[in-house]
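>>> What shape does this take:
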Amino acid sequence: MWNKELENLHKELFDQIQFIRNELTDIKKSRDSDEMWDNSDLTRNWKVSLRTLAEWRAEGKIGYVQIGNKIWYPKEERELFIKSNLVKVGLKGV
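The predicted structure is shown next:
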């Protein structure tokens, strides 16, 4: 009887872990496709500092929206920044 209870608890725990994994995957997918990112999103996803973001904004390298003290980076501006900073590598002798 004890083994059956332990087995049921194990299955229940496994099912809950699987549910949490699926939820986290869904959250990550929706977060990645969000239209607007803030500074913390960019620093986390692009691995750049807040100072670098401030320099890019001041130099006009990336467009942003400021509402009060909060800064947002629309998806289109992030994509434009990536396209304008894309380094193309060519093959020598081709």
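
>>> Only C-alpha atoms from now on, for both contacts and neighbour counts.
Fine.

>>> longest strand anywhere in the protein?
strand 70-74 (DSSP state E).

>>> what packs against it?
strand 36-38, helix 39-46, strand 65-67 (3 or more CA pairs under 8 Å, 6 or more residues apart in numbering; DSSP states H and E).

>>> Looking at these, which one is packed in the most?
Stretch with highest mean neighbour count among the helices and strands packed on strand 70-74: strand 36-38 (a mean of 18; mean count of other CA atoms under 10 Å).

>>> Compute the inter-axis angle for the lengthiest helix in the chain and helix 39-46.
Longest helix in the chain by number of residues, with DSSP state H as the criterion: helix 2-32. Put simply, helix 2-32 runs at 100 degrees to helix 39-46, going by axes from the mean of the first three to the mean of the last three CA atoms, to 10 degrees.

>>> quick one on the thing from earlier: indicate which one of the helices and strands packed on strand 70-74 is closest to Leu91.
When the helices and strands packed on strand 70-74 are compared by CA to CA, helix 39-46 sits nearest Leu91, at 27.2 Å.

>>> For Trp56, which non-adjacent residue is closest in space?
Ile62 (5.9 Å; CA to CA, 6 or more residues apart in numbering).
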